[in-house]
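> Kindly generate the corresponding structure for this input.
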Amino acid sequence: MMQPQTLEMISRLVSFNTVSSRSNLDLMVFVETWLESHGVAFHKIFSPCGEKANLYATIGPMVEGGVVLSGHTDVVPVEGQDWSTDPFTLVEKDGRLYGRGTCDMKGFVALALAAVPDMVKADLKRPIHLALSYDEEVGCTGVSSMVEAMAETLPKPSAVIVGEPSMMGIVNAHKGIEAYRTRVTGRAAHSSQTDRGVSAVMMASRLITFLDDLAEECRSNAPEDCPFEPPFTTIHCGVVNGGTALNIISEQCEFLWDMRTIPSDDAAVLYDRFEEECARLRTRMQAVAPETDIITESLADAPALGPETESEAERLCASVTGRNSTGVVSYATEAGHFQRVGFSTAVCGPGSIDQAHQADEFITLEQVREGEAFMHKLIRSLEG
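Residues are numbered from 1 along each chain as shown. Next comes the predicted model:
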């Protein structure tokens, strides 16, 4: 039977409208008050604008070998979706809990917070670290400052568990996502005087074609045993805007593009090749008009999660869940950020990704109970 404090915690977290375009500070104040009431110290790291924050806390002895429970506090928008109930009011019906974030991923965060009293009372020999982030849903742009701070200030944990919805299955690999905005600045002129102008649209088209060629190269060189679907790194340009009139050589053009990389491909290497092509075209452009340029801005940074040899995170999840198999997913999480600083990391959380981002998002009571059992067994495992 689900514990009343778990249901109350899910209800409280869902009630905070933490859509990524809004602040998450009200939710964080609630979390701080909860932790303080149980004597748990925490550290907060604000966003550059000061309107959002990450938070991490430690329960138990400050020694190596602890476990990080990681979750994001932001949710996706509800506008344009046909909800049957108020998205920010928890509704229990037919064995399900409805509300924005129940599945992705306030359910997991609530399970960890509801277990804090048990964590505090336990005779932990190794610590439990809680890590709550902002802006995961807009490209994992908030978590990196917290991960870096944790790597610098905490004794190294033995495992990080990112509680994204996996039906409590163990995910040991996922694709990464890197997203960009590239702006090309040309020189305007009459379209009959192409020798005097530099077309931003035509230069952008060359770069987009280069990305398409690079994508085909990734497809051709993919490992034969790659378990992802599709089984290769994808590169895609989704939006292009540029030019003002047919008879004006375009001065501005921008395009949005992304890479979804398999763990064996290095996103930085692929991006460097794109920048090399930009440099080649920039030289050609500036020979005609020195003020022209090509500038690329990062919009999302979620490194791929790769399978680990003798992974402590996998071992821990298997011992707690009783499951010995692992899987991969094509969606991205914050797990790659933790792995990048040397922490053994796996994804394991309640709920199904099929419900994430949907109208009438829900998590089943059965999955919540599995999550409660997970927290209980995890705490007991750290007492020995």
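> Tyr208 and Thr292: what is the separation?
Not Tyr; residue 208 is Ile. For Ile208, the distance to Thr292 (Cβ to Cβ, to the nearest Å) stands at 17 Å. The way it works is simple: take the backbone N, C-alpha and C, and place the C-beta from them, glycine included.
> wait, isn't Asp258 in contact with Ala179?
Yes - when contacts are counted by Cβ atoms under 8 Å, Asp258 is listed as touching Ala179 (4.2 Å).
> Find the residues that touch each one of the two.
Ala300 (Cβ atoms under 8 Å, 6 or more residues apart in numbering).
> So in this protein, where's the weakest helix or strand by average pLDDT?
strand 326-329 (a mean of 94; mean pLDDT, DSSP states H and E).
> Any buried residues in that strand, and which?
Of all the residues in strand 326-329, those buried under the rule 16 or more other Cβ atoms under 10 Å are Thr326, Val328, Val329.
> same check, this time on stretch 77-94
Val78, Pro87, Phe88, Leu90, Val91.
> show me what contacts the nearest residue to the second one once chain neighbours are set aside?
Nearest residue to Pro87 in three dimensions, chain neighbours excluded: Arg100, at 4.1 Å (Cβ to Cβ, 6 or more residues apart in numbering). Each residue near Arg100 by Cβ under 8 Å, 6+ apart is listed here: Val14, Val19, Val75, Val76, Val78, Pro87, Phe88, Glu361.
> Mind doing that once more with 10 Å?
By Cβ atoms under 10 Å, 6 or more residues apart in numbering, the residues touching Arg100 are 14, 16-19, 75-78, 81, 83, 86-90, 106, 357-361.
> and the residues you listed, which of them are in helices?
The helices in this structure, assigned by DSSP state H, contain Val14, Lys106 from the contacts of Arg100.
> and this structure, what are its domains?
Listed domain ranges for the chain are 4-174+305-381, 176-302 (source: automatic domain parsing).
> Deepest in the core, which of those domains is it.
Across the domains of the chain, averaging neighbours per residue (mean count of other Cβ atoms under 10 Å) puts domain 4-174+305-381 on top, at a mean of 20.
> Need the distance between the two termini of that domain.
End-to-end distance for domain 4-174+305-381, by Cα to Cα, to the nearest Å: 24 Å.
> Same question for stretch 85-95.
16 Å.
> what does it rub up against?
2, 7-8, 10-19, 75, 77-78, 81, 84, 97-102, 106, 110, 359-362, 364-366.
> what about 8 Å?
7, 10-11, 14-17, 78, 81, 97-100, 102, 360-361, 364-366.
> So which of these sit within strands?
Judged by DSSP state E, the contacts of stretch 85-95 include Leu97, Tyr98, Thr364 as members of strands.
> who are the neighbours in contact with the first one?
Each residue near Leu97 by Cβ under 8 Å, 6+ apart is listed here: Leu7, Ile10, Leu90, Val91, Gly107, Phe362, Ile363, Thr364, Leu365, Val368.
> Go ahead and confirm the last one touches Pro4.
So the one you mean is Val368. No - checked against Cβ under 8 Å, the pair Val368 and Pro4 is beyond contact range at 12.0 Å.
> what's the distance between Glu148 and Pro230?
Taking Cβ to Cβ, one finds Glu148 at 32 Å from Pro230.
> tell me the mean pLDDT over whichever helix or strand comes after the least confident helix or strand of the chain?
Next along the chain after strand 326-329, taking DSSP states H and E as the criterion, comes helix 335-340. Helix 335-340 shows a mean pLDDT of 97.
> Would you mind pulling the contact partners of whichever helix or strand comes after helix 335-340?
Beyond helix 335-340 on the C-terminal side, the first helix or strand identified by DSSP H and E is strand 345-347. Here strand 345-347 makes contact (Cβ under 8 Å, 6+ apart) with 159-164, 166, 170-172, 174, 305, 308, 311, 313-314, 316-317, 326, 329, 333, 335-336, 338-339.
> just stretch 227-241 next, same as before
Taking Cβ under 8 Å, 6+ apart as the rule, stretch 227-241 contacts 173, 175, 204, 208, 211-212, 214-215, 218-219, 221-223, 226, 253-262, 265, 270, 328, 330.
> In three-state terms, label the residue lying farthest from the centre of the chain for me.
No residue in the chain sits farther from the centre than Ser192, which is 48.0 Å out by Cα atoms, centre = their mean. Of the three states, Ser192 takes coil under DSSP: H, G, I helix; E, B strand; the rest coil.
> Show the contacting residues for it.
With Cβ under 8 Å, 6+ apart, Ser192 has these contacts: Asn247.
> rerun that using 7 Å as the cut-off
Ser192 makes no contacts at all, as judged by Cβ atoms under 7 Å, 6 or more residues apart in numbering.
> how close does it sit to Asn247?
For Ser192, the distance to Asn247 - Cβ to Cβ - is 8 Å.
> From Glu32, how far out is Met146?
15 Å.
> Tell me the predicted confidence for the residue farthest from the centre of the chain.
95.
> Give me the distance between it and Glu314.
According to Cβ to Cβ, Ser192 and Glu314 sit 65 Å apart.
> where are the low-confidence patches of the stretch 101-250 of the chain?
Counting by pLDDT under 70, the stretch 101-250 of the chain contains no low-confidence range.
> still on that earlier bit, grab the CA positions of the least confident helix or strand of the chain and hand them over as PDB.
The C-alpha trace of strand 326-329 is given here as PDB (Å, rounded to 0.1, in the frame of the first residue of the first chain):
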ATOM      1  CA  THR A 326      19.600  -3.600 -19.000                       C
ATOM      2  CA  GLY A 327      18.300  -1.500 -21.900                       C
ATOM      3  CA  VAL A 328      18.900   1.600 -24.000                       C
ATOM      4  CA  VAL A 329      16.700   4.500 -24.900                       C
END
